[in-house]
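> Below are the sequence and a predicted model; questions follow.
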Amino acid sequence: MSGRLYKANVLLYDKETESLWSQLLRRSVTGPLTGKKLPVIPSVLVRWDKWRKLHPDTLVLSERTGYARNYSRDPYRSYHKNPLAFFDFPLIKKGIKAKELVYGVEVGGVRKAYPLKLLKALKTPLKDTVAGVEVTIISDSESGEIRLNGADGEVMAGLITYWFVWNSFYPGTELYSVPK
């Protein structure tokens, strides 16, 4: 099946309108709201204990949902630990694994991905240019937060996902590498 483009996707269901929303495309793909765009909201991927330490007043949903499920167990743990994806992804660039986490950004219609392990190792903010716009990526080792700022300091949105997912949706993405 080489040459085929696979699109791994998370679809969110909107009970009110019965629309399905693509997390990566940031728009509705079926239902009465098809084509409507979602705003991008910056988010972080951080361990609960670190989050709780920084934000002790955070409220969480109850685990008492009426379903017999162990919510302390991550159902995707083995998937995250396994370096192999379920499918062969022929468009994956050399030098990065399909299931390596990246921080994907879009500026002015241009997309760029930054390997998460590279960003987490930063001691100082990373300055880069995307679509002619100067950006700064800040990685906070204490909280685990990664933040993208524009030239005037405004917070811009990025998305943490597997490289194969980002690359499937945006195959022309430039992959950041440390300048030599």
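Great, that's in hand. Note that this is a predicted model, so its numbers are computed, not measured.

> okay, now the domains of this structure?
The chain is divided into the following domains under automatic domain parsing: 1-39, 48-175.

> By mean pLDDT, show me the worst of these.
Per-stretch mean pLDDT for those is lowest at domain 1-39 (a mean of 78).

> How far off centre is that one?
Offset of domain 1-39 from its chain centre (C-alpha atoms, centre = their mean, to the nearest Å): 15 Å.

> ditto for stretch 103-117
9 Å.

> Buried residues in it, which are they?
103-107, 110-116 (16 or more other C-beta atoms under 10 Å). Just so you know, the C-beta spots here come from the backbone N, C-alpha and C atoms, and that holds for glycine as well.

> Quick check: the farthest pair among the residues you listed?
Maximum pairwise distance among the buried residues of stretch 103-117 (C-beta to C-beta): 19.8 Å, between V110 and L116.

> could you redo the buried residues of stretch 103-117 as CSV and give each row secondary structure and distance to L59?
Listed next are these as CSV, based on DSSP: H, G, I helix; E, B strand; the rest coil; distance: C-beta to C-beta, whole Å:
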residue, secondary structure, distance to L59
Y103, strand, 27
G104, strand, 29
V105, strand, 30
E106, strand, 31
V107, strand, 34
V110, strand, 38
R111, strand, 34
K112, strand, 35
A113, strand, 33
Y114, strand, 32
P115, strand, 33
L116, helix, 28
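
> so which of these would you say is closest to V178?
Nearest to V178 among the buried residues of stretch 103-117, with distances taken as C-beta to C-beta, is P115, at 9.6 Å.

> ok, that closest one - contacts?
P115 makes contact with 96, 100-102, 163, 175-176, according to C-beta atoms under 8 Å, 6 or more residues apart in numbering.

> how close does it get to I137?
Going from P115 to I137 by C-beta to C-beta, to the nearest Å gives 11 Å.

> Show me which residues of the strand or helix carrying T136 are buried.
Using DSSP states H and E, T136 maps to strand 133-139. For strand 133-139, the neighbour count (16+ other C-beta under 10 Å) marks 135-137, 139 as buried.

> Kindly report the same for stretch 14-24.
By neighbour count on 16+ other C-beta under 10 Å, the buried set for stretch 14-24 is 19-22, 24.
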